[in-house]
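>>> starting from these lines, generate the structure:
(one chain, ligands or ions: 1)
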Amino acid sequence: MSQSALPRHIAIIMDGNGRWAKKRLLPRTAGHKVGLDTFVNTVDACSDMGIEYLTVYAFSSENWNREASEVTALMELMSRGITKYEPEMVRKNIRLKLMGDIDRFEEKYRKPLLDVQERLSKNSGMTLCICLSYGGRQEIVRAFNLLAQQGKTEITAEDISANLYSAGVPDPDLVIRTSGEYRISNFLLWQSAYSEYYFADVFWPDFDKSELEKAIESYAKRERRFGR
Ligand code: FPP
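Residues are numbered from 1 along each chain as shown. Modelled structure (predicted):
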């Protein structure tokens, strides 16, 4: 595929870890563990392909309502996972950007994540955005409050974009959701106004490189008109 047919920014709703585990009579956390491996493989594949931005939905504002044991397991997995993956991100020159209300995370999980973000901040390869404690509506409300604090009265679309967590990141070209669900679930509501959508039937732990390539091939065949 030619470089110009590649999406510049891919965003992914990594859905189906729980059902993947249930199908195998395993605890939900087993699905999240394999989901972490799929995440690492996907980051590697996108970086190798020359994708400029990859955004993943790892923990939504609504996910706080899950059982405490699952929330804790996810926090530990993400915090440890990113720390363990840091040397590889250094080698691949990946920049990390955390998006969401990370202050809600306990210090012991938040600090390692923020430290890795800081250490990778000068990198110039692919930007990996991880949405944590993230909700699209909450992000837009936050942007309006930031603009109000700045004393803005005539607000433009550019003002809103510049006050989202994603400030400086181009809008996603392709949004992928796994697990056969057809919902947006409060993900990048503002940014995905003109994105192409791709729905994969497989659960996230089974989303391998060939599934990623299928999504990108489908995107490459589409004609984007941006409403024109
Ligand atoms: C959705 O599946 C998945 C999550 C809520 C967690 C996603 C997190 C990972 C894959 C780990 C990624 C790690 C990092 C460091 C970003 P679900 O549990 O809602 O599945 P279900 O719909 O089948 O119940």
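
>>> what separation do you get for the residue sitting nearest the centre point of the chain and Lys23?
Centroid-nearest residue in the chain, with C-alpha atoms, centre = their mean: Val56, separated by 1.4 Å. Between Val56 and Lys23 the computed distance is 22 Å (C-beta to C-beta, to the nearest Å). For every residue, glycine as well, the C-beta is placed using N, CA and C.

>>> for the ligand, what is the nearest residue in the protein?
Nearest to the ligand in the chain, going by C-beta to the nearest ligand atom, is Gly18, at a distance of 2.5 Å.

>>> now the helix or strand containing that residue: mean pLDDT?
Taking DSSP states H and E as the definition, Gly18 sits inside helix 17-23. Across helix 17-23, the average pLDDT comes to 98.

>>> thinking again about what came up before, now the residue nearest to the centre of the chain: closest residue in space, sequence neighbours ignored.
In this structure, Val56 finds its nearest non-sequential neighbour in Ile12, 5.1 Å apart by C-beta to C-beta, 6 or more residues apart in numbering.

>>> number of residues surrounding that neighbour?
28 (other C-beta atoms under 10 Å).

>>> can you confirm it is in a helix?
No. In this structure, Ile12 is strand, not part of a helix, as judged by DSSP: H, G, I helix; E, B strand; the rest coil.

>>> distance from the chain centre to the helix holding Gly18, please.
20 Å (C-alpha atoms, centre = their mean, to the nearest Å).

>>> which stretches of the chain form helices?
17-23, 28-49, 68-91, 107-119, 136-149, 157-162, 209-221 (DSSP state H).

>>> in a markdown table, list those helices along with mean neighbour count.
Converted to a markdown table, those look like this (neighbours: other C-beta atoms under 10 Å):
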| stretch | mean neighbour count |
| --- | --- |
| helix 17-23 | 19 |
| helix 28-49 | 19 |
| helix 68-91 | 16 |
| helix 107-119 | 15 |
| helix 136-149 | 15 |
| helix 157-162 | 13 |
| helix 209-221 | 16 |
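
>>> on that earlier part again, measure the residue nearest to Val56 to Leu212 for me?
9 Å.

>>> what is in contact with these two at once?
The contact sets of Ile12 and Leu212 overlap at Thr42 (C-beta atoms under 8 Å, 6 or more residues apart in numbering).

>>> is it correct that Lys152 is in contact with Glu158?
No. The criterion here is C-beta atoms under 8 Å, and Lys152 misses it with Glu158 at 11.4 Å.

>>> could you check how far Val202 is from Glu52?
On the measure of C-beta to C-beta, Val202 and Glu52 end up 25 Å apart.

>>> the ligand contacts on the protein?
14-19, 32, 35-36, 39, 56, 58, 63, 74, 77-78, 81-82, 130, 204 (C-beta under 6 Å from any ligand atom).

>>> sorry, back to before: show residues contacting the helix holding Gly18.
27-32, 34-35, 179, 203-206.

>>> how close does the residue of the chain closest to the ligand get to Val34?
12 Å.

>>> per-residue pLDDT, the residue nearest to Val56?
99.

>>> check Ser4 too.
62.

>>> ditto for the one 3 residues further on
Confidence per residue is given as pLDDT, and for Pro7 that number is 97.

>>> show me the shaky parts of this structure.
1-4 (pLDDT under 70).

>>> from Val169, how far off is Leu74?
24 Å.

>>> and for Leu146?
17 Å.
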